[in-house]
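> pasting the sequence and the predicted model now:
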Amino acid sequence: MSNTKVLPLLEPESVVPCCPPLTERPLNADEAERTAKMFKALGDPVRLRLFSAVASHEGGEACVCDISDVGVSQPTVSHHLKKLKEAGLLTSERRGTWVYYRVEPAVLAAMGRLLTTAAAA
């Protein structure tokens, strides 16, 4: 018999679909601000590696203990994860002494839609 229990998924803290595809219409000021914040957060190689590590981790979430090997100190990893959370790209949950990070599927879908162009007829 196992003592494992299934934890509910957290509601996204700041997940907002960023905007329509760039080919649909010009972005308004708020959409441009949100989108720029996401891309700025991903513009750092360490943050991009951390985001990729979380996104590709089995089960769609990763313990900070499993993704910290990106060539910088632990406090720097924490700083970069905080920036990714502030940009709305990650959510987190503390379990005991560890923090688990998750990439919100809505964020990935919104970013994909943003860069998708309409199919040629």
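That came through, no problem. Residues are numbered from 1 along each chain as shown.

> buried sites along stretch 98-108?
By 16 or more other CB atoms under 10 Å, the buried positions in stretch 98-108 come out as Tyr100, Tyr101, Arg102, Val103, Glu104, Val107. For every residue, glycine as well, the C-beta is placed using N, CA and C.

> and those, which is closest to Met38?
Val107 (7.6 Å; CB to CB).

> do you know how far that closest one is from Arg25?
21 Å (CB to CB, to the nearest Å).

> cool, Leu115 as well?
Computed with CB to CB, the distance linking Leu115 and Arg25 is 15 Å.

> what segments of this structure are strands?
For the chain, the strands defined by DSSP state E cover 61-63, 90-95, 98-103.

> neighbouring strands for the shortest one, and are they parallel or not?
Spelled out, it's strand 61-63. strand 98-103 (antiparallel) (DSSP bridges).

> which residues are contacting the partner strand?
Residues from elsewhere that reach strand 98-103 (CB atoms under 8 Å, 6 or more residues apart in numbering): 9-10, 51, 54-55, 60-65, 67, 81, 84, 89-94.

> at 7 Å what do you get?
Strand 98-103 is contacted by residues 51, 54-55, 60-65, 81, 89-93 when judged by CB atoms under 7 Å, 6 or more residues apart in numbering.

> lowest-confidence helix or strand of the protein?
Ranked by mean pLDDT, DSSP states H and E, the weakest helix or strand in the chain is helix 105-115, scoring a mean of 78.

> pull that one out as CSV, backbone CA atoms only.
The C-alpha atoms that make up helix 105-115 are tabulated as CSV, following Å, rounded to 0.1, in the frame of the first residue of the first chain:
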residue,chain,number,x,y,z
PRO,A,105,-0.1,25.0,-20.8
ALA,A,106,-2.2,28.2,-21.4
VAL,A,107,1.0,30.2,-21.6
LEU,A,108,2.6,27.9,-24.1
ALA,A,109,-0.5,27.9,-26.2
ALA,A,110,-0.8,31.7,-26.1
MET,A,111,2.9,32.1,-27.1
GLY,A,112,2.5,29.6,-29.9
ARG,A,113,-0.6,31.4,-31.2
LEU,A,114,1.2,34.7,-31.0
LEU,A,115,3.9,33.6,-33.4
